[in-house]
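S.K.: How does the following fold in three dimensions:
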Amino acid sequence: MRIGIVLIAAAMVVAPRLAMAGQTTDPIPARVLDESQKTSPPTSSSTFHAKFFLEDALTTSAFEDAIAVPYPPALAISWQNRTSVDAILQWKPLKSLSFTVSDRANLYVQDQQAFTSRDTIRNDFREGYVTWEPHTSVYVEAGRINVRNGAALGFNPTDFFKTRALVGQASLDPSVIRQNRLGTLMVRGQAIWSGGSASVAFAPKVMSPSPVIESDPLGVDPQIAATNAAARVLGTLSFDVLNLSPQLLGYFERGRSKLGINVSRPIGNAVIVYAEWAGGQEKNLITRAIEFGQQTGTLPDTAPVLLPTRTWTTFRNDVAAGFSGTLATKATLNVEYHFHQSGLGGGDWGNWFDAGGTYDSAVVSPRVRQRSAGASDATPRVRARVVAAGVRERSRTHGVCVR
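M.R.: Next comes the predicted model:
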């Protein structure tokens, strides 16, 4: 059972503009205007904007006793209270130069944890970058940037920088989860024109990858080892053809380069249809998970692959397609189909359960598959699924879920 108590307060600090207009019946002599222009001090273009959000959420949980894979002790808590302060700051000292910072500070008080614990305070440094506009509609950015791509809601095959970028889950809404995540250290150039845009981003490897489960002694680790564990390049090209707004993407990473495309089109005033595709040479999910565990020291180098699987590299596809419609009640409905070829199919699930022993399917399926589908990088663990309103499929490889 989950009970959420949310208090949201927003404040915006905006530099006001003052406008004064006055006119007399007699025209002002030109010499007077010239003198006023000479003596008037130059107006400053410096602006500062700030948005703050305060949120408090209380969660209580009840756990089943008979489950196939017990929860880790750190997660099996009966209650938790989280207080968060969210800030987005932007300073523009010059017309062509701006600085942006996005951060979230959290205070956790929960069952089985002392208030003085190192896990009580956690800071999520999401973004911090500088933007320079050397020419009209040409931008250069450097720093920690949250790059998002894709038109779908629940799964974005072309959102290549989502891997290991999620922070503490403050909402079940996929669109909120996509916004509240860590950016990547990179340099990005972008050009915009009347018919489209193009961009190139380079993210260097800064540190070796860290284990998935890792606790920082001070709770303020920026997690660079999660977002910049490999050198990556992303190029995009957007243009307008037949009102489809296509976007072409090229993503380059050692051992996992991909091509992608996004398209969307409005139908009437209330419906938007969209589709995403990404494909490239890569190993399947099971093999990549074992290799990642060995690379980070979570698993020994000699750990065998317990589940029968094909370990070679081949071309694999990811697809997300659906529509978003606004109903008469001003509610929005999203229906999507997701296909992740590297994910687990029916045979893989059978091997998974066989390896774990014989359990009642009514007990095993929901719990184990929920944890498998709830990916830390918003990538489905099942091979194909249909979702409504972005709710993750839990109990079957193919299914429909409605919220």
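
S.K.: any idea how far Phe252 is from the residue nearest the centre of the chain?
M.R.: In the chain, the C-alpha nearest the mean C-alpha coordinate belongs to Arg178, at 3.1 Å (C-alpha atoms, centre = their mean). Shown here: Arg178 relative to Phe252, a distance of 23 Å by C-beta to C-beta, to the nearest Å. Bear in mind the C-beta positions are built from the backbone N, C-alpha and C, glycine included.

S.K.: Can you verify the residue nearest to the centre of the chain is assigned to a strand?
M.R.: No. Counting by DSSP: H, G, I helix; E, B strand; the rest coil, Arg178 is not part of a strand but helix.

S.K.: give me the number of residues near the closest residue to it other than its chain neighbours?
M.R.: With sequence-adjacent residues excluded and distances taken as C-beta to C-beta, 6 or more residues apart in numbering, Arg178 is closest to Arg148, at 6.2 Å. Arg148 is flanked by 15 other residues according to other C-beta atoms under 10 Å.

S.K.: and what of the one 4 residues further on?
M.R.: Other residues near Ala152 number 26, with proximity taken as other C-beta under 10 Å.

S.K.: List the contacts of the closest residue to it other than its chain neighbours.
M.R.: Excluding the flanking residues, the one nearest Ala152 by C-beta to C-beta, 6+ apart is Ala320, at 3.9 Å. Going by C-beta atoms under 8 Å, 6 or more residues apart in numbering, Ala320 touches Gly150, Ala152, Gly154, Phe155, Asn156, Pro157, Ala275, Glu276, Glu336, Tyr337, His338, Phe339.

S.K.: what does Ser137 give?
M.R.: Ser137 neighbours (C-beta under 8 Å, 6+ apart): Ala191, Ile192, Trp193.

S.K.: Quick check: pLDDT value at it.
M.R.: Looking at Ser137, its pLDDT stands at 95.

S.K.: Okay, strands next: where are they in the stretch 251-400 of the chain?
M.R.: 258-267, 271-282, 314-326, 332-340, 384-388, 400-401 (DSSP state E, counting those that start in this stretch).

S.K.: Tabulate these in JSON lines, adding columns for distance to Thr296 and mean pLDDT.
M.R.: Formatted as JSON lines, these follow (distance: least, C-beta to C-beta, whole Å; pLDDT from 0 to 100):
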{"stretch": "strand 258-267", "distance to Thr296": "23", "mean pLDDT": "94"}
{"stretch": "strand 271-282", "distance to Thr296": "18", "mean pLDDT": "94"}
{"stretch": "strand 314-326", "distance to Thr296": "23", "mean pLDDT": "93"}
{"stretch": "strand 332-340", "distance to Thr296": "22", "mean pLDDT": "91"}
{"stretch": "strand 384-388", "distance to Thr296": "28", "mean pLDDT": "59"}
{"stretch": "strand 400-401", "distance to Thr296": "32", "mean pLDDT": "33"}
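
S.K.: and those as JSON lines, adding distance to Tyr108?
M.R.: Shown next, in JSON lines, are the strands of the stretch 251-400 of the chain (distance: least, C-beta to C-beta, whole Å):
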{"stretch": "strand 258-267", "distance to Tyr108": "36"}
{"stretch": "strand 271-282", "distance to Tyr108": "35"}
{"stretch": "strand 314-326", "distance to Tyr108": "33"}
{"stretch": "strand 332-340", "distance to Tyr108": "31"}
{"stretch": "strand 384-388", "distance to Tyr108": "30"}
{"stretch": "strand 400-401", "distance to Tyr108": "29"}
